[in-house]
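Please work out how this folds:
(2 chains)
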Amino acid sequence: MDYFAQQLINGLVLGSIYGLIAIGYTMVYGIVGMINFAHGDVFMIGGFIALITFLILISLGLTAIPVILLVVLLVSMAITALYGWTIERIAYRPLRHSFRLAPMLSAIGMSFVLTNYSQVAQGARVKPIPPFITGGYTLHESQDGFVIQLSNIQIMVVITTIVLLAIFTWLVSRTRLGRDMRACEQDQTMAALLGVNVDRTISMTFVIGAALAAVAGLMYLLYYGLVDFFMGFVAGIKAFTAAVLGGIGSLPGAMLGGLAIGLIETFWSAYFSVEYKDVAAFSILIVVLIFMPTGLLGRPEVEKV
Amino acid sequence: MTAPSTQTTKTASGIPALLKTAFINAVIALVLFSLMVGIRTEAGSEGQLTYWTRFGELASLVAAVFGGSIVIELLRQWIGPAGTEKLVPPALQKGMSLVGRYLAPALLIFTLLVPVIFYNQRYILDLAILVLTYVMLGWGLNVVVGLAGLLDLGYVAFYAVGAYSYALLATNFGWSFWICLPLAGILAAFWGVLLGFPVLRLRGDYLAIVTLAFGEIIRLVLINWQSLTGGPNGVSGIPRPTLFGIPLNNSDDGLAAKLGIEFSPTHRIVFLFYLILALALLTNWVTIRLRGLPIGRAWEALREDEVACRALGINTTTTKLTAFATGAMFGGFAGAFFATRQGFISPESFTFQESALVLAIVVLGGMGSQLGVALAALTMIGGFELFRGLETYRMLVFGWAMVLIMIWRPRGLVGHRAPTVYLKKAQAISSDLVKEGHG
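I've put the predicted structure just below:
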């Protein structure tokens, strides 16, 4: 039981990171109807920028951890958001009204570009950082000596995710931008006729998605203590799986899917085998889609003839 | 590097506006590259991170973006706005059909003569074999994506199934290539049906992720099922193919000895070349023939309109499954060939990158055009080889090429189609009129 509780905590933390990336996929899908294959690599870029900012701040002699974290968070969000904006501008905007496969291949190409760009720019080796946030709480200790640990970093990941989700939900449901986004999602032509700047709204979607991915990148860096140029691929596929599992286009679905994938992966590694954890996650995706072809919370797509 | 938006194209006519755009792009580039390029991190010997600055590279990159955006903007104004035409103009159409009529046979004759012309150039022969392998994979995937309109991001799984089927059957039971080749195809087709079943009800991007997940599952199982597949070490010592039992080696039973000619290792390469050419042509021939049969027409109808298909009484289940199975079978053949050619296979050869490459070939070829796929494979693999010297920059160039080609020709290299079924007379139509399917 204690072991189960510990795995539950680990799974929820991992799931939060996946969920943050998955929101980027699902938002872009909702508004432009394309799979942004480069999103996983945007997450990776976010991790790298966070790492480099950390290094600079430490070498400048800063020691106050909250200040460092805040600066790193803001810098990596800002620069990664600009990456998201640029990618949309170069690779997707010219193909907006093209047929469906063209932007997807362009996105796959962009993903190769980003992966290899960071390999060329930062080298192929894994970059570790020393643990910044240490310590934690012991929640429960059983007779046989097994301890349920809740580390500070885990608390931070979950709290950051919840706060971001709250801000994000507010943004989508209450602000002018959110209204524009939802309008563009339903009908771009009509939204444009009613004075919504469609280009700007789509750009902002990519910017927000990339900023959330940057946060996920920072969380990943803090939680696992390393980044490498190839981490975007696996994390991206997992997050995309999460978005589809939750029902692509649905924001709560993305978070739910992220948590589900995180939990499946953690429990599978804990109780069965570590090697097959990804196989388990993908298999469950396939099984869920057989019975619910539009994911857990997705709306069925009705084709009008 | 940042493509100026359509608004700037309309207003930016003078030099100040041009410079302003270039300046903004350069500032954006400066921010983008500031940390990633300007600062290089490296893990030290004891795991601690060190960093050093590279402001020179940063400055030259930013300058390149500044210059590049001026050049792009000037080119854009010089060429003018790109227009699209729905129907190909008659004169152009005539010329194209003339070229199209002679291009394919000419290419075929040239391909047949490649081993004769380049007999002593091992490198070119190897490259030609590689290109033909991708032509075959492209034609195989074309059945699924181009004809039936089902998006498959995990095609490499069938390639892997074919390769491992041959490798394991041949190394464990000593079966010959010619027995294993059909078996590899059948096994891959079986896996194709297995993948087909769960995705029957899925559409669009759900289909994309499931096929992608399927490809990853196969690769992960190949890595982790060590007792069967050898794990990351792969399978080595895969037997070379024989000419129906006659080995192509330097022994007394070898082909060279039987024919009474002097042995040369090139014989095997030439044999492999004609083998893959035959397999690729088989794929092409079967596809062309199937297109004329009810099943092929059902595939194309499915791509154009699934609802109408159902209404007309076409069984979409069998239509989809046969498309998956046929495509997978050709992937399996290509995989068996790959295994026998390499003599060694490992899961590393079957990554998502391969799937993306084959899909890029199909889409660049214009989805459904046989000639286009062949040309696209030649362009992609040949172009990829040209940049071999660049090493790590190679994939970077490849990625940019994919993006730029898609922007330049979203509909692929061959921009027109000859319909399979027509009223009165055959007329080439623009590929814009061909749908891409929902699945």
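
Please count neighbours and contacts with C-alpha atoms only from this point.
Noted.

Show me what the one helix or strand B:Glu300 maps to packs onto, helices and strands only.
Element membership for B:Glu300 (DSSP states H and E) is helix B:294-304. Using 3 or more Cα pairs under 8 Å, 6 or more residues apart in numbering or on different chains; DSSP states H and E, the elements in contact with helix B:294-304 are helix B:306-311, helix B:316-342.

Which secondary structure state does the most centrally placed residue in chain B sit in?
Chain B has B:Val358 as the residue nearest its centroid, 2.0 Å off, counting by Cα atoms, centre = their mean. At B:Val358, secondary structure determined by DSSP: H, G, I helix; E, B strand; the rest coil is helix.

Tell me the spacing between it and A:Gly19.
30 Å (Cα to Cα, to the nearest Å).

ditto for B:Gly68
In terms of Cα to Cα, B:Gly68 sits 38 Å off from A:Gly19.

between the two, who's got more neighbours?
A:Gly19 (35 against 17; other Cα atoms under 10 Å in any protein chain shown).

Helix or strand: which one has that one?
Assigned by DSSP H and E, A:Gly19 falls in helix A:2-32.

mean confidence score for that helix?
With pLDDT averaged residue by residue, helix A:2-32 scores 90.

Heading C-terminal from that helix, find the next helix or strand.
Next along from helix A:2-32, by DSSP H and E: helix A:39-59.

Is that following helix positioned near chain B?
Yes. Residues of helix A:39-59 are located near chain B by Cα under 8 Å from any Cα of the partner chain, namely A:48-49, A:52-53, A:55.

Return the list of helices and strands in contact with that helix.
Against helix A:39-59 (3+ Cα pairs under 8 Å, 6+ apart) you get helix A:2-32, helix A:65-87, helix A:101-122, helix A:198-224, strand A:226-227, helix A:231-246, helix B:15-36.

per-residue confidence averaged over stretch B:327-335?
On average, stretch B:327-335 scores 95.

same check, this time on stretch B:56-64
Mean predicted lDDT for stretch B:56-64 stands at 91.

Now find how far off-centre it is within its chain.
34 Å (Cα atoms, centre = their mean, to the nearest Å).

tell me which residues in it are buried?
By neighbour count on 16 or more other Cα atoms under 10 Å in any protein chain shown, the buried set for stretch B:56-64 is B:58-59, B:61-63.

who touches the residue sitting furthest away from the middle of chain A in this structure?
Taking Cα atoms, centre = their mean, the residue of chain A most remote from its mean C-alpha position is A:Gln143, at 38.7 Å. For A:Gln143, no residue meets the contact criterion (Cα atoms under 8 Å, 6 or more residues apart in numbering or on different chains).

any idea whether it is helix, strand or coil?
coil.

Can you pull the phi/psi pair for it?
phi -60, psi -40 (degrees, to the nearest 10).

returning to that earlier point: in CSV, list the helices and strands packed on helix A:39-59 along with distance to B:Ala256.
Shown next, in CSV, are those (distance: least, Cα to Cα, whole Å):
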stretch, distance to B:Ala256
helix A:2-32, 59
helix A:65-87, 57
helix A:101-122, 46
helix A:198-224, 60
strand A:226-227, 55
helix A:231-246, 49
helix B:15-36, 58
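
looking at the ones you listed, which is buried most?
helix A:231-246 (a mean of 26; mean count of other Cα atoms under 10 Å in any protein chain shown).

Next secondary structure after that helix?
helix A:251-271.

Dump the helix or strand following that following helix to PDB, keeping only the CA atoms.
Note on helix A:251-271: by DSSP H and E, the next helix or strand toward the C-terminus is helix A:277-291. These are the backbone C-alpha positions of helix A:277-291, laid out as PDB (Å, rounded to 0.1, in the frame of the first residue of the first chain):
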ATOM      1  CA  LYS A 277       6.600   1.100 -19.900                       C
ATOM      2  CA  ASP A 278       6.300   2.900 -23.300                       C
ATOM      3  CA  VAL A 279       4.800  -0.200 -24.900                       C
ATOM      4  CA  ALA A 280       2.200  -0.200 -22.100                       C
ATOM      5  CA  ALA A 281       1.300   3.500 -22.600                       C
ATOM      6  CA  PHE A 282       1.000   3.100 -26.400                       C
ATOM      7  CA  SER A 283      -1.000  -0.100 -26.100                       C
ATOM      8  CA  ILE A 284      -3.500   1.500 -23.600                       C
ATOM      9  CA  LEU A 285      -3.800   4.400 -26.100                       C
ATOM     10  CA  ILE A 286      -4.800   2.000 -28.800                       C
ATOM     11  CA  VAL A 287      -7.200   0.100 -26.600                       C
ATOM     12  CA  VAL A 288      -8.900   3.300 -25.400                       C
ATOM     13  CA  LEU A 289      -9.200   4.500 -29.000                       C
ATOM     14  CA  ILE A 290     -10.800   1.300 -30.100                       C
ATOM     15  CA  PHE A 291     -13.700   1.800 -27.700                       C
END
